[in-house]
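Enquirer: quick one, fold the following:
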Amino acid sequence: MSEILPVVYLARHGETAWSLKGQHTGLSDMPLTERGECDARRIGERLAGLTFAKVFTSPLQRAARTCELAGFGAAAEVDRDLVEWNYGRYEGLRTVEIHAMRPDWHLFRDGCPEGELPGQVGDRADRVLSRVRSVKSDVLIFSSGHFLRVLAARWLGVEPAVGRFLMLNTGCVSVLGYENNQSQPVIRLWNDPCQAGAGSFQK
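Expert: Predicted coordinates for the structure are as follows:
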């Protein structure tokens, strides 16, 4: 990774009972499963040796606990803008169940009734990125899947809907950065699984 241009690391929380079943988990404060706790520790192993000027985490326990088990809890600042997409009436439902009621529904286009629209999630992502860019050094973020997909889209300067193309698994790390200068934002790495024996990132 570049030693001059700042880098932003994104860590999606470890597995939960609902993520395992494909249930939409927005503001429900679900704990990690035992496997999810292992995921979190492996994120810590993957990030070993890196230093961050700031660490931010969602207040929801699945992200905050992942941050803690990865070894960054003491340094982390809670940022409420990092919570997952508010799914409103679709909270806890699987996509197949939503499609049974509304066959043409797509989260990144339509949002959720009594929840958030894509533009509202994009606004939160923009606020996070404003804070991140003010740091002017490497940053680490712990949050949830759909929000991080919107965050990456907004990092690139494109619409939140582009997040639909960026699949993101639990317990994975992604890296945002720049190519030649800060007018050229890029995705340097996406959806990297933190598997046992994978080693750590090199700057």
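Enquirer: hang on, Val173 in a strand?
Expert: Yes. Judged by DSSP: H, G, I helix; E, B strand; the rest coil, Val173 forms part of a strand.
Enquirer: what residues does it make contact with?
Expert: By Cβ atoms under 8 Å, 6 or more residues apart in numbering, the residues touching Val173 are 9-12, 43, 46-47, 189, 192, 194. Bear in mind the C-beta positions are built from the backbone N, C-alpha and C, glycine included.
Enquirer: now with 10 Å?
Expert: 9-12, 42-43, 46-47, 70, 140, 189-194, 198, 201 (Cβ atoms under 10 Å, 6 or more residues apart in numbering).
Enquirer: listing partners with orientation, what would you give for the longest strand seen in the chain?
Expert: For the chain, the longest strand by residue count, based on DSSP state E, is strand 185-193. Pairing partners of strand 185-193, with direction, according to DSSP bridges: strand 172-178 (antiparallel).
Enquirer: for the partner strand, C-alpha coordinates in PDB please.
Expert: What follows is strand 172-178, C-alpha atoms only, in PDB (Å, rounded to 0.1, in the frame of the first residue of the first chain):
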ATOM      1  CA  CYS A 172     -14.000  -9.900   5.100                       C
ATOM      2  CA  VAL A 173     -11.700  -6.900   4.700                       C
ATOM      3  CA  SER A 174     -11.700  -4.400   1.800                       C
ATOM      4  CA  VAL A 175      -9.300  -1.500   1.000                       C
ATOM      5  CA  LEU A 176     -10.100   1.900  -0.500                       C
ATOM      6  CA  GLY A 177      -7.300   4.200  -1.700                       C
ATOM      7  CA  TYR A 178      -6.100   6.300  -4.500                       C
END
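Enquirer: and that strand, how far out from the chain middle?
Expert: 10 Å (Cα atoms, centre = their mean, to the nearest Å).
Enquirer: tell me if I'm right that Met30 and Trp18 touch.
Expert: Yes. If you go by Cβ atoms under 10 Å, Met30 and Trp18 touch, sitting 5.5 Å apart.
Enquirer: list the residues that contact both of those two?
Expert: 62, 92.
Enquirer: give me the low-pLDDT residue ranges for the chain?
Expert: 1-3, 195-203 (pLDDT under 70).
Enquirer: which helix runs longest in it?
Expert: When the chain is parsed with DSSP state H, its longest helix is helix 118-135.
Enquirer: between the helix or strand following that one and helix 118-135, how many degrees?
Expert: Sequence order places strand 139-143 as the next helix or strand after helix 118-135, per DSSP states H and E. If you take axes from the mean of the first three to the mean of the last three Cα atoms, to 10 degrees, strand 139-143 sits at 150 degrees to helix 118-135.
Enquirer: how about the most centrally placed residue in the chain: what's its closest non-neighbour residue?
Expert: With the centre of the chain defined as its mean C-alpha position, the nearest residue by Cα atoms, centre = their mean is Leu148, 3.3 Å away. Nearest residue to Leu148, sequence neighbours excluded (Cβ to Cβ, 6 or more residues apart in numbering): Leu10, at 5.1 Å.
Enquirer: how about the one you found, what does it touch?
Expert: 139-143, 147-149, 151-152, 155, 168, 172-176, 187, 189-191.
Enquirer: if anything else comes up later, I'll come back, but that's it for now.
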